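*Asks:* One predicted model, sequence on top.
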Amino acid sequence: MRIPIFACSISHDERSPSGLRWRTQLPLFPNLTAYSFTPLSPLKLLSSIRFFTALVDVLLQCRSLTDVAWHFSVTSIIAPIILRLTQVRNLTIDCLTATALLEWHNHIDLVNKLEGLHILNLEKLIPQHTPALSRSMSNLTRLTLGKHPWVSSSHLLTLLEGTPHLQHLDVHIDDYGPGSQAHSKAIDSLNGLGTSSTSIRNPGSEFTGLPQLKALVVRHNSISAELHFSRFLACIDTLAWKSELQSLEIDSAHGACTFNTTIAYLFAKHPTLRSFVASHIRVFSHEFLTVLNICPLLEYASFLAEKACVQRLLSLSENPTDSSFRGELEISGNWKLSTLKWRQR
């Protein structure tokens, strides 16, 4: 009896003299569609070249292979070897070095075939390289860009300009653009930030939006000031200003955002939203009720809530006939600041 194998994950230890013995077995997996590689020890240059050359030669025989993940720092030495895998459509790289990016430009025809690209860390993305890298992303529908030091929000927009078909974006932002505190009118009227000076989108910007974007995940390390939080929200508004979002997630690596700036205006242009997750952002009850009115299709939400917000939403949940509020609540955490999860009833 033959057992089809569709995915394979192998950890390689260069200290082992038998590190290459397994390679002849991979062609026995004609149904292999996904492969991931994790080194157990630091890669050595010369042996790495021999190893990856042999590995890629074998993987090229796996005609069904479409998903590959490299869980190490890809350099300019390794990049041209692994980019020989022309059948791959979804590529994950733990870290892409600055020198590897230079090599990336020499394989534009191959990279252009990718539908999903997930780079968890960019060692250094020089702004002058962003136009060329952007041109290599024309067919992407899914993109993850992790931490990328020295990249401003404007350069990020330049990069995304080359992704007109993008449907899912997961991006890390720690540069929030120039910003301004003068956006109270936009907040009060819930008209968004399209003409507000807070938005990083300006008359000189060439960013035309992501019209096919359905899911947006925005991550940041931490925000310590109200103004920075306002600018951060403006970045999100700019990324999604031409999209009909169905899912929005905002993730913070460190600490809670307990600022007074409202987030409700973000939803004014996205009535199609079905899921909203902001597990590190405090939301007031009146904000959430506004979001429910703006987004009638909302099915799930998760955010931080203070005691007064929890009490009011619990009351509305227990007396649904007295309100348009319809939902089930799940509460965890301490009485002062809780994580609140809401599901449409």
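*Replies:* Perfect, thanks for sending it. Numbering: from 1, shown residues only.
*Asks:* And what about V217, helix, strand or coil?
*Replies:* Following DSSP: H, G, I helix; E, B strand; the rest coil, the label given to V217 is strand.
*Asks:* Sorry, wrong one. I was asking about N106.
*Replies:* At N106, secondary structure determined by three-state DSSP is helix.
*Asks:* Just the pLDDT for A305.
*Replies:* On the pLDDT scale, A305 is placed at 90.
*Asks:* again, but for the one 4 residues further on
*Replies:* In this model, C309 is scored at 90, pLDDT.
*Asks:* can you tell me which helix or strand it belongs to?
*Replies:* helix 307-318 (DSSP states H and E).
*Asks:* Give me the contact list for that helix.
*Replies:* The contact list for helix 307-318 (CB atoms under 8 Å, 6 or more residues apart in numbering) reads 283-285, 288, 305, 322-323, 325, 327-329, 331, 335-336, 338, 340, 342. For every residue, glycine as well, the C-beta is placed using N, CA and C.
*Asks:* Could you name the helices and strands sitting against the helix or strand just after that helix?
*Replies:* Once the chain leaves helix 307-318, the next helix or strand it forms, by DSSP H and E, is strand 328-333. Applying 3 or more CB pairs under 8 Å, 6 or more residues apart in numbering; DSSP states H and E, we find strand 328-333 packed against helix 307-318, strand 337-343.
*Asks:* what comes up buried for the helix holding C309?
*Replies:* For helix 307-318, burial by neighbour count (16 or more other CB atoms under 10 Å) applies to C309, V310, R312, L313, L316, S317.
*Asks:* Next: stretch 267-286.
*Replies:* 267-270, 273-278, 280-285.
*Asks:* pLDDT on it, on average?
*Replies:* The model assigns stretch 267-286 a mean pLDDT of 90.
*Asks:* what about it, how long is it end to end?
*Replies:* Length of stretch 267-286, first residue to last, CA to CA, to the nearest Å: 14 Å.
*Asks:* ok, V56 - contacts?
*Replies:* I81, I82, R84, L85.
*Asks:* what sits against L329?
*Replies:* Each residue near L329 by CB under 8 Å, 6+ apart is listed here: L313, L314, S317, L340, K341, W342.
*Asks:* Closest one of those to T261?
*Replies:* L340 (18.9 Å; CB to CB).
*Asks:* Give me the neighbour count for that closest one.
*Replies:* Here the number of neighbours of L340 (other CB atoms under 10 Å) works out to 23.
*Asks:* Surely it is in contact with L304?
*Replies:* Yes. Applying CB atoms under 8 Å as the test, L340 and L304 come out as touching, 7.2 Å apart.
*Asks:* ok, of the contacts of helix 307-318, which come out buried?
*Replies:* For those, buried by 16+ other CB under 10 Å: V283, F284, S285, F288, A305, F325, G327, L329, S338, L340, W342.
*Asks:* The residues you listed into CSV, with extra columns for distance to L156?
*Replies:* CSV is the format used below for the buried ones among the contacts of helix 307-318 (distance: CB to CB, whole Å):
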residue, distance to L156
V283, 26
F284, 30
S285, 34
F288, 29
A305, 31
F325, 37
G327, 35
L329, 36
S338, 33
L340, 31
W342, 31
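*Asks:* At which residues are the strands of the stretch 151-300 of the chain located?
*Replies:* Along the stretch 151-300 of the chain, counting by DSSP state E, counting those that start in this stretch, strands occupy 168-172, 215-220, 247-252, 275-282, 300-306.
*Asks:* Compile the ones you listed into CSV and extend it with columns for distance to S138.
*Replies:* Output for the strands of the stretch 151-300 of the chain, formatted as CSV (distance: least, CB to CB, whole Å):
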stretch, distance to S138
strand 168-172, 15
strand 215-220, 20
strand 247-252, 24
strand 275-282, 28
strand 300-306, 33
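*Asks:* Spatially, what comes nearest to R135 if we skip its sequence neighbours?
*Replies:* Sequence neighbours aside, G162 is the residue nearest to R135 in space, at 5.4 Å (criterion: CB to CB, 6 or more residues apart in numbering).
*Asks:* Report how many residues lie close to that neighbour.
*Replies:* By other CB under 10 Å, neighbour count at G162 equals 17.
*Asks:* now swap in A234 and tell me
*Replies:* 26.
*Asks:* Could you do the one 5 residues further on as well?
*Replies:* Look at L239: counted by other CB under 10 Å, it has 25 neighbours.
*Asks:* Which pLDDT value belongs to K185?
*Replies:* Residue-level confidence at K185 comes out at 39, pLDDT.
*Asks:* ok, and the most crowded of the contacts of V56?
*Replies:* Neighbour count (other CB under 10 Å) singles out I82 as the most crowded of the contacts of V56, with 21 neighbours.
*Asks:* residue contacts, that one?
*Replies:* F52, V56, V68, W70, V74.
*Asks:* Redo those as a markdown table? Include distance to L40 and pLDDT.
*Replies:* Shown next, in a markdown table, are the contacts of I82 (distance: CB to CB, whole Å; pLDDT from 0 to 100):
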| residue | distance to L40 | pLDDT |
| --- | --- | --- |
| F52 | 15 | 87 |
| V56 | 19 | 91 |
| V68 | 19 | 95 |
| W70 | 14 | 94 |
| V74 | 17 | 90 |
